[in-house]
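Enquirer: the following block contains a protein sequence and its predicted model.
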Amino acid sequence: QAHSNQQYVNCMPCSRTYVADAYADALTSQLSQHHDLTEVSDTTDLCKGLADELDVPTLSEVNRQLVGEGSHRRLIYSVKFGNFKDAMIQFLDGYDANLVIIEKLPSGVFADPFELQHFVERKVFLDVAVFGDTNLELPSALSNRSAVEIHFDLKTSTSMDYNLVIELPLHARYPPLDASGYATVEFGSPDLLLRYRRKETHPDPCMWAFQNLHVTPVEKAAWRIPCGDEAHTGFVSSLTFISALVCSMSIVLAASLTT
Amino acid sequence: WGKLLFSAADLLVGVFIDDILELRGVPARTRIWCVVAWLFNPFTFTIGTRGNCEPVVCAAMLWILICLMKGRVLQAAFWYGLIVHFRIYPIIYAIPFVIVLGKNYAGPAGRPVLTQWISKQQLQSNKGRENVEEPTSLLANLWNFLSSLITRDTILFGLFSGSMFFAWTGIFFYLYGWEFLNEALLYHLTRTDPRHNFSIYFYHIYLHHQQGFSSIQRLASFLPQLIVQLALIVRFSRDLPFCMFLQTVAFVAFNKVMTAQYFVWFFCLLPLILPWTGMKLRWKGLACALVWMGSQLHWLMWAYLLEFKGRNVFVQLWAAGIVFLAANTFVMIMVIRHHRHTPLFSVPVGPGTKIAAKKD
């Protein structure tokens, strides 16, 4: 159970709101997808105490699907906890617990921080942050990658029987040109962490404990986005400029001929 | 609260339209229809309610026009400097403003005299006796023309609005530094937004975004815009509202990026020229409206397929953009051909003044 599954249990001070910001710089230098996120956080003696004592919830099943059509789609996570209901209730009675999902977005896909803030305002998510390139206008070739971190409060999951469904709206950038007319963007595996701390007593200093929820790799999600074809450049550019010239000349002519 | 402010500005534009037309002597019945053309235009009131600040810009432009019509040059310059700082596009009106403020601006009382509107019936009977100035001939004496531009009013206007612009830019630069300068001004010079929009250039920009643009390409896209603006200014600047309207339509149509909110810029000027058009709603007016809206809907259909259905229709969408440009050109030409050219300010009639013949 918990002890045999004892993997990394790291801690972070409560003042550190997010996990992924430690990787904000690394993202732009194409860090490997499989790097274990929790290795970066600090470990202190206090933390070791937290780690040993209890039955931390584990996941039995995680599904991830890309849903929708066109340039605006949603990534839907379906997360099931493996513990018995009573064990979950007991755990959540004594601890504040959040599910942390970190999705490292591939190049060509971005999340809109303003849109995600609405989710926080409507209390769907506890918190959300986007790291990396958040310029919404640039095409893929001129932009950098980004990552999204979602905090989901497990207290609200009691009504769902501890089977969570989390939706992340995403948008596609204009991909680099390709002769086939379509570019396929693939998502890597998300990182799922459990963040928890004791409820009543707030030890000094306040610390969050993190449990990496190892899961079998999720299904690959792939997004097919239409892109321009370089072969069009010749006729598009020339016809564009010719049309502009013809229209402008017509207007000048009409203006000159008025009485 | 922003939406309330912009909606209030929208209503203010309606008030200003009524003011301007009243100053020019348009009867109340005609005025009502013109104001309705703005207030009930679905393109425009949705822009304010959705939170876009364009109605404020329109209100300011109309106020500047009112100030010029009432002879308040300094106030016009104040607002003009501010509005160019706020949104760059009104700079296209700079030359027409200076031309209009030239030698024949102020009447005998020191204030400008506005040419009053006359109905078509009166026009027929007044033929030959009218003091209607022809659009400035391209063969006019250039030296005379240029020297008429140097007057107390033009210098005052130019200096004051220019200082206002630099003052506001300076204040914001002091507050926000280089970030402000980049976002507000320099951005327009290096802007390459390849995402689909009404402009005919969007696909060209997308196809070249990885390679960058040569100077020839930049010049080639700027030239048609420049030619049209200059031609319109030279021909029509004396009929100021008409000139402003055409310049705005052309500016939007030939721009590298065109989005729906830009349409408001000329929709607020459209009611100002309606009393002088020979085009009736049936059928020429309706034809213009339908051609314009139809080509827009056509473009929107392809854009929907691209963005929301994920189909590769770039070429079709680009072609739809060209069709929309053709529609804009058609409407402009129709408006030009049916407009009764009437200068905003009357040339003061005196012994030394020539009364220009009505026809060439």
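Expert: Perfect, thanks for sending it.
Enquirer: CA atoms for contacts and neighbours, from now on please.
Expert: Fine.
Enquirer: now the host helix or strand of residue B:33: buried residues?
Expert: Assigned by DSSP states H and E, residue B:33 belongs to helix B:28-39. The neighbour-count check on helix B:28-39 (16 or more other Cα atoms under 10 Å in any protein chain shown) flags B:31, B:34, B:35, B:37, B:38, B:39 as buried.
Enquirer: most widely separated two among those residues?
Expert: Greatest spatial distance among the buried residues of helix B:28-39 (Cα to Cα): B:31 and B:39, at 12.4 Å.
Enquirer: hmm, back to that, tabulate the buried residues of helix B:28-39 (TSV), appending distance to residue B:340 and pLDDT.
Expert: What follows is these, written out as TSV (distance: Cα to Cα, whole Å; pLDDT from 0 to 100):
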residue	distance to residue B:340	pLDDT
B:31	17	87
B:34	17	88
B:35	20	90
B:37	19	86
B:38	21	88
B:39	24	88
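Enquirer: beta partners of the residue of the stretch 151-259 of chain A found nearest chain B?
Expert: The stretch 151-259 of chain A approaches chain B most closely through residue A:226 (4.9 Å), counting by Cα to the nearest Cα. Applying DSSP bridges to residue A:226 gives these bridge partners: residue A:182.
Enquirer: separation between it and residue B:308?
Expert: Distance from residue A:226 to residue B:308, counting by Cα to Cα, to the nearest Å: 11 Å.
Enquirer: same check on residue A:135?
Expert: Distance, residue A:135 to residue B:308, by Cα to Cα: 21 Å.
Enquirer: now residue A:130
Expert: Residue A:130 sits 24 Å away from residue B:308, taking Cα to Cα as the criterion.
Enquirer: about what we covered before: neighbour count winner among residue A:226 and residue B:308?
Expert: Neighbours per residue (other Cα atoms under 10 Å in any protein chain shown) separate residue A:226 from residue B:308, with residue A:226 holding more: 27 against 15.
Enquirer: confirm for me that the more buried one is in contact with residue A:183.
Expert: Yes: between residue A:226 and residue A:183 a contact is recorded at 6.2 Å, counting by Cα atoms under 8 Å.
Enquirer: overlap of the contact sets of these two?
Expert: Both residue A:226 and residue A:183 are in contact with residue A:175, where contact means Cα atoms under 8 Å, 6 or more residues apart in numbering or on different chains.
Enquirer: and the residue of chain A closest to chain B?
Expert: residue A:70 (3.6 Å).
Enquirer: how about the residues of the stretch 201-350 of chain B that lie near chain A?
Expert: B:201, B:203-204, B:206-208, B:210, B:220-221, B:224-225, B:227-228, B:231-232, B:235, B:254, B:306-312, B:314, B:322, B:325-326, B:329, B:332-333, B:336-337 (Cα under 8 Å from any Cα of the partner chain).
Enquirer: which of the residues you listed are buried?
Expert: Using 16+ other Cα under 10 Å as the burial test, these include B:201, B:203-204, B:206-208, B:221, B:224-225, B:228, B:231-232, B:235, B:254, B:306-307, B:309-312, B:314, B:322, B:325-326, B:329, B:332-333, B:336-337 as buried.
Enquirer: for the stretch 251-360 of chain B, what are the low-confidence residue spans?
Expert: Counting by pLDDT under 70, the stretch 251-360 of chain B contains low-confidence ranges at B:347-360.
Enquirer: the helices in it, which residues?
Expert: B:263-267, B:270-273, B:286-309, B:314-338 (DSSP state H, counting those that start in this stretch).
Enquirer: and residue B:338, how far is that from residue A:244?
Expert: 24 Å.
Enquirer: looking at the two, which is more packed in?
Expert: Neighbours were counted for residue B:338 and for residue A:244 using other Cα under 10 Å; residue A:244 has more, 24 against 15.
Enquirer: helix/strand/coil for the more buried one?
Expert: The three-state label given to residue A:244 by DSSP: H, G, I helix; E, B strand; the rest coil is helix.
Enquirer: secondary structure element holding the spatially closest residue to it that is not a sequence neighbour?
Expert: Spatial nearest neighbour of residue A:244, chain neighbours left out: residue B:224 (6.2 Å); criterion: Cα to Cα, 6 or more residues apart in numbering or on different chains. Assessed by DSSP H and E, residue B:224 sits inside helix B:215-236.
Enquirer: I'd like to know which elements that helix is packed against.
Expert: The helices and strands touching helix B:215-236, judged by 3 or more Cα pairs under 8 Å, 6 or more residues apart in numbering or on different chains; DSSP states H and E, are helix A:233-257, helix B:240-253.
Enquirer: now the angle between helix B:240-253 and that helix, please.
Expert: Helix B:215-236 and helix B:240-253 are oriented at 160 degrees to each other (axes from the mean of the first three to the mean of the last three Cα atoms, to 10 degrees).
Enquirer: low-confidence ranges, the stretch 101-250 of chain A, go.
Expert: In the stretch 101-250 of chain A, residues with pLDDT under 70: A:158-160, A:200-205, A:215.
Enquirer: which residues in it form helices?
Expert: Ranges of helices in the stretch 101-250 of chain A, per DSSP H, counting those that start in this stretch, are A:113-121, A:233-257.
Enquirer: can you tell me which of the ones you listed is most buried?
Expert: Sort the helices of the stretch 101-250 of chain A by mean neighbour count, taking mean count of other Cα atoms under 10 Å in any protein chain shown, and helix A:233-257 sits at the top with a mean of 17.
Enquirer: quick one: distance of it to the chain centre.
Expert: Taking Cα atoms, centre = their mean, to the nearest Å, one finds the center of helix A:233-257 at 46 Å from the center of the full chain.
Enquirer: which residues touch that helix?
Expert: B:200-201, B:203-204, B:207-208, B:220-221, B:224-225, B:227-228, B:231-232, B:235, B:254, B:322, B:325-326, B:329, B:332-333, B:336-337.
Enquirer: redo that, cut-off 7 Å
Expert: B:200-201, B:204, B:207, B:221, B:224, B:228, B:231-232, B:235, B:326, B:329, B:333, B:336 (Cα atoms under 7 Å, 6 or more residues apart in numbering or on different chains).
Enquirer: could I get the full set of strands for the stretch 101-250 of chain A?
Expert: For the stretch 101-250 of chain A, the strands defined by DSSP state E, counting those that start in this stretch occupy A:109-110, A:127-132, A:146-153, A:163-172, A:182-186, A:191-198, A:207-212, A:222-226.
Enquirer: phi, psi of the closest residue to the residue of chain A closest to chain B other than its chain neighbours?
Expert: Sequence neighbours aside, residue B:310 is the residue nearest to residue A:70 in space, at 3.6 Å (criterion: Cα to Cα, 6+ apart). Backbone dihedrals for residue B:310, given as degrees, to the nearest 10, come out at phi 70, psi 30.
Enquirer: how much space separates residue B:310 from residue A:135?
Expert: The gap separating residue B:310 from residue A:135 is 21 Å, by Cα to Cα.
Enquirer: cool, residue B:213 as well?
Expert: Residue B:213 sits 21 Å away from residue A:135, going by Cα to Cα.
Enquirer: what's the answer for residue A:190, then?
Expert: From residue A:190 across to residue A:135, the span is 22 Å (Cα to Cα).
Enquirer: looking at those two, which one has more neighbours?
Expert: The residue with more neighbours, out of residue A:190 and residue A:135, is residue A:190; 21 against 12, by other Cα under 10 Å.
Enquirer: quick one: residues contacting the more buried one.
Expert: Residues in contact with residue A:190 (Cα under 7 Å, 6+ apart) are A:101, A:102, A:103, A:104.
Enquirer: what's the answer for residue A:152, then?
Expert: So residue A:152 contacts A:98, A:99, A:100, A:125, A:126 (Cα under 7 Å, 6+ apart).
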